[in-house]
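*Asks:* Sequence below, structure please.
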Amino acid sequence: MFAFRSGARRLATLTPVNHVKHPTNLTRQSRQMSILNADTGSLATKTYHKINLFIMGLTPVAFALSPSVLNLPVDVMLGLALPAHAHIGMSYVITDYVPKLSKSLVGPARVALLAVTGVTTVGFAKLNLTGDGITESVKALW
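*Replies:* The predicted structure is shown next:
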């Protein structure tokens, strides 16, 4: 946080070390994101928020275009964005609540989440490519 400035006059003055020109290892690590630890680092948070905005913008477009041929690419994008958004969000939940039960369960919980995300993505892909699509399936509920 603070480093002592060397000098004869100001030995005891403190200066903040926020002006580092080269990123440290800690900064580099905070930018990284892995598929299992999807909630670590600033990149994960930014990705989560950008996907959220993407889904908010794409959902009305999907309902406006449905039913048409133009809706297939929108449904495919939703089929990729929704599981990614859910995966990162549930990673935050795992980080917050699973260690309260047992710290040894965090790893298996993350692997299980990855499996659920994979199955969900494959299911959405099958629904979009061989079925009615996400939008038409949701519209059929009403």
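*Asks:* Let's test this: mean pLDDT of the helix or strand where Ala84 lies, rounded?
*Replies:* Assigned by DSSP states H and E, Ala84 belongs to helix 71-101. Averaged across helix 71-101, the pLDDT comes to 96.
*Asks:* Can you tell me which helices and strands the helix or strand just after that helix packs against?
*Replies:* Downstream of helix 71-101, the next assigned helix or strand under DSSP H and E is helix 106-130. Where contact means 3 or more Cβ pairs under 8 Å, 6 or more residues apart in numbering; DSSP states H and E, helix 106-130 is packed against helix 71-101, helix 134-140. Every C-beta, even on glycine, is put in place using the N, C-alpha and C of the backbone.
*Asks:* and the residue nearest to Leu65 when sequence neighbours are not counted, what does it touch?
*Replies:* The shortest distance from Leu65 to any non-neighbouring residue, by Cβ to Cβ, 6 or more residues apart in numbering, is to Asn71 (4.4 Å). Shown in contact with Asn71 (Cβ atoms under 8 Å, 6 or more residues apart in numbering): 62, 65, 133, 135-136.
*Asks:* and what of Gly118?
*Replies:* Not one residue lies near Gly118 by Cβ under 8 Å, 6+ apart.
*Asks:* circling back to that earlier point, tell me the buried residues in the helix holding Ala84?
*Replies:* By neighbour count on 16 or more other Cβ atoms under 10 Å, the buried set for helix 71-101 is 71, 74-88, 90-91, 94-95, 98.
*Asks:* Ok, stretch 122-134 next?
*Replies:* So for stretch 122-134, counting by 16+ other Cβ under 10 Å, buried means 124, 127-128, 132-134.
*Asks:* could those residues go into a markdown table alongside distance to Ala38?
*Replies:* Shown next, in a markdown table, are the buried residues of stretch 122-134 (distance: Cβ to Cβ, whole Å):
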| residue | distance to Ala38 |
| --- | --- |
| Phe124 | 18 |
| Leu127 | 23 |
| Asn128 | 23 |
| Asp132 | 30 |
| Gly133 | 26 |
| Ile134 | 22 |
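*Asks:* Arrange the residues you listed in CSV, one row each, with pLDDT and distance to Leu113 as further columns.
*Replies:* Putting the buried residues of stretch 122-134 into CSV (pLDDT from 0 to 100; distance: Cβ to Cβ, whole Å) gives the following:
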residue, pLDDT, distance to Leu113
Phe124, 98, 16
Leu127, 97, 21
Asn128, 96, 22
Asp132, 94, 27
Gly133, 95, 25
Ile134, 96, 21
